[in-house]
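What shape does this take:
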Amino acid sequence: MPYIITTTQALRDGEDVIVDALESVGTRVVIGGKPIVSRTAVATLNEAGDLLEQHGVMADTVDLSGGTVGPLPDGTIIEVRPMLRDDVTRTAGEDRYVAGMTADEMVVAFNAQQ
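Coordinates of the predicted model:
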């Protein structure tokens, strides 16, 4: 089952940040007091656990239904939840092909639109 990981990093007002969000999303530049929010999809809960461990969080913190971790000491909040076909439809805007997609194709389509 694919999962969506949403990572929100809080910033202080006036802080300039360049963040390598997640490998599949790329680098984002944010100036000002707005939080950095990145979303990426992974194919399995194990892959979601790998991303959690990059933030120093134990992989078993979330289960098959997902979960939220944080705020971490740096203010980061990480949400992991199962991906629905509607997530790809809303993101890609392609109702016509989503119904026949495999889980891997859903992950690729979601990440391509981020």
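
Low-confidence bits of this structure, can you list those?
Residues of the chain meeting the criterion pLDDT under 70: 11-34, 89-99.

in it, which spans are strands?
3-9, 16-22, 26-31, 36-42, 67-69, 77-82 (DSSP state E).

Report the buried residues of the last one.
Burial within strand 77-82, assessed by neighbour count using 16 or more other CB atoms under 10 Å, is assigned to 77-81. C-beta here means a position set from N, CA and C on the backbone, and glycine is covered the same way.

swap in the fifth one?
Within strand 67-69, the residues that qualify as buried by neighbour count (16+ other CB under 10 Å) are residue 69.

Stretch 47-61: end-to-end distance?
Its start and end residues considered, stretch 47-61 measures 13 Å (CA to CA, to the nearest Å).

Quick one: residues in contact with it.
Identification of contacts with stretch 47-61 by CB atoms under 8 Å, 6 or more residues apart in numbering yields 3, 5, 7, 22, 40, 42, 46, 62, 67, 69, 72, 76, 78, 80.
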